[in-house]
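Undergrad: Test case, fold it:
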Amino acid sequence: MFDHLSDRLRDVLGRLSGRGRVSEADVDGALREVRLALLEADVNYRVVKDFMARVRERAVGVEVLESLNAGQQVIKIVHDELTAILSVGDRTFRLAGSPAIVLLVGLQGSGKTTSAAKLARLVTKQGRRPLLVAADPYRPAAVEQLRTLGRNLDIPVHSSASGTSVLDICREGVRQARNSGRDVLIVDTAGRLTLDLALMAEIRGLAQHLEPVESLLVVDAMVGQESVAIAQAFAEAVPLTGLLLTKIDGDARGGAALSIGAVSGLPVKFLGTGERSDALEAFHPDRLAGRILGMGDVLSLVERAQETYDQKQAEDLAHKLQRNTFTLEDFLGQMQQLKRMGPLGQLLEMVPGMGGMAKEAQQAVEGGELKRIEAIIQSMTRAERRDPSILTGARRRRIARGSGTTLQDVNRLVKQFGEMQRMMRQLGGGKRGMLPFGPRR
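TA: Predicted coordinates:
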């Protein structure tokens with residue numbers, strides 16, 4: 001979502017970073033471009049105005065302009081102030097009560113139902129036992145969707161017969177949670193295509209009766225500045241505790257997602273970063289600011305890796321890399337593990353200095369490059385994966401036919417893997433008795 005804004009900001013600030021000392025005119029010129037980039041990204045005008053005033057006040061100080069690394073200091077100031085914009089309110093996600101009740105509200109199509117399931121999965125990983133409540137009797141498809149999601153995640157879903165009032169559905173859900181030992185109740189409420197009095201009255205009544213510990217407004221980050229009006233309208237009806245922004249992985253300009261918290265006064269607590277059940281992450285302002293400015297987000301990358309990788313597998317991999325016994329079979333396993341961590345473009349955005357490659361990498365994935373590599377390796381025998389040096393011309397032609405690729409594709413992969421092996425051998429000091437491409441059988 002922030003690709004265009006990130007590209008613009010990296011370009012502008014990158015020109016400053018390599019210059020050492022800068023003048024006030026240099027700073028003003030760069031900040032004019034930053035201001036334009038933010039406005040083009042649909043960031044709220046008032047937010048941009050306040051942001052630029054604070055950045056300029058700090059950036060043109062004597063201690064910055066006269067320093068030897070003034071350009072880098074200006075970038076740090078932009079990062080700090082961008083983080084401040086995103087840091088509105090208390091982002092703590094509280095789960096108190098028996099059960100702890102979490103109310104999800106928002107317009108139809110904002111992603112409430114999928115977000116309810118993602119949130120249930122997230123609290124399950126924290127050791128909690130959630131129950132999902134399908135409190136949208138007006139749209140049978142929403143109830144069935146939540147049931148399907150619940151089955152896939154092995155999380156129970158409470159729903160009631162047609163004609164049951166929303167309030168009664170939730171009352172029964174609370175009773176079921178208490179009777180079955182479920183300690184978190186996540187309520188997926190009904191939405192409307194537009195804001196209306198009936199919706200607000202229903203949501204207000206639910207909030208008054210349930211007294212949820214968390215009332216999260218689910219907002220589609222792609223709707224632009226309209227999201228601010230939506231947040232303000234719901235805040236008048238329900239004592240909201242925070243925002244859950246969905247479709248952050250979309251291709252909209254993204255500025256509204258940056259400014260909605262600052263304008264509404266509501267903290268962003270979660271980001272929906274994709275369609276998968278694990279594509280929900282706690283919101284960290286400094287991490288998002290780092291991604292936008294191309295500084296990476298190593299902490300989030302490590303957290304994803306810890307969720308995906310088994311400790312023993314990681315130790316075995318490190319051992320193989322150290323001994324230079326890493327094979328194409330291992331490479332295939334790492335590709336499959338990587339896919340479980342999420343889209344490659346998102347992962348590269350978390351690596352410092354690699355944000356500019358994220359778009360190209362994702363295009364390569366969408367173009368099928370990784371699928372071709374996977375198909376080639378899967379078309380090999382186990383012996384061939386472990387020792388590519390036995391790949392004769394006939395074997396390579398057979399692999400190309402079996403994988404639906406060309407002989408050139410197979411040759412390219414084998415050559416690249418061989419180069420990687422040689423590099424690892426040089427870094428590790430080499431091992432005697434090894435074949436160029438893998439371990440001796």
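
Undergrad: By mean pLDDT, point me to the weakest helix or strand of the chain.
TA: helix 358-366 (a mean of 57; mean pLDDT, DSSP states H and E).

Undergrad: Tell me the gap between the helix or strand following that helix and the middle of its chain.
TA: Using DSSP states H and E, the helix or strand that follows helix 358-366 in sequence is helix 369-378. The chain centre lies 25 Å from the centre of helix 369-378; the measure is C-alpha atoms, centre = their mean, to the nearest Å.

Undergrad: Tell me the first helix or strand C-terminal of helix 369-378.
TA: helix 382-386.

Undergrad: in the stretch 51-200 of the chain, which ranges drop under the pLDDT threshold?
TA: Where the stretch 51-200 of the chain drops to pLDDT under 70, the residues are 62-69.

Undergrad: in it, which spans are helices?
TA: Under the criterion DSSP state H, counting those that start in this stretch, the stretch 51-200 of the chain contains helices at 62-65, 70-86, 112-125, 140-153, 166-180, 197-210.

Undergrad: Please indicate which of the ones you listed has the most neighbours on average?
TA: helix 112-125 (a mean of 22; mean count of other C-beta atoms under 10 Å). For glycine as for every other residue, the C-beta is placed from the backbone atoms N, C-alpha and C.

Undergrad: report the angle between the axes of it and helix 140-153?
TA: Put simply, helix 112-125 runs at 20 degrees to helix 140-153, going by axes from the mean of the first three to the mean of the last three C-alpha atoms, to 10 degrees.

Undergrad: Alpha carbons of helix 112-125, as CSV, please.
TA: This file holds the C-alpha atoms of helix 112-125, laid out as CSV (Å, rounded to 0.1, in the frame of the first residue of the first chain):
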residue,chain,number,x,y,z
LYS,A,112,-14.9,-7.7,10.0
THR,A,113,-15.6,-11.4,9.6
THR,A,114,-12.1,-12.4,8.4
SER,A,115,-10.6,-10.1,11.0
ALA,A,116,-12.6,-11.8,13.7
ALA,A,117,-11.1,-15.2,12.7
LYS,A,118,-7.6,-13.7,12.5
LEU,A,119,-7.9,-12.2,15.9
ALA,A,120,-9.2,-15.5,17.3
ARG,A,121,-6.1,-17.2,15.9
LEU,A,122,-3.8,-14.6,17.4
VAL,A,123,-5.2,-14.8,20.9
THR,A,124,-5.1,-18.6,20.6
LYS,A,125,-1.3,-18.4,20.1
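
Undergrad: Run through the residues that contact Thr405.
TA: Thr405 is in contact with Arg372, Ala375, Ile376, counting by C-beta atoms under 8 Å, 6 or more residues apart in numbering.

Undergrad: Out of the residues you listed, grab the one that's most surrounded.
TA: For the contacts of Thr405, neighbours were counted using other C-beta atoms under 10 Å, and Ile376 has the most, 23 neighbours in all.

Undergrad: I'd guessed it sits against Thr406; true?
TA: No - counting by C-beta atoms under 8 Å, Ile376 stays clear of Thr406, with 10.0 Å between them.
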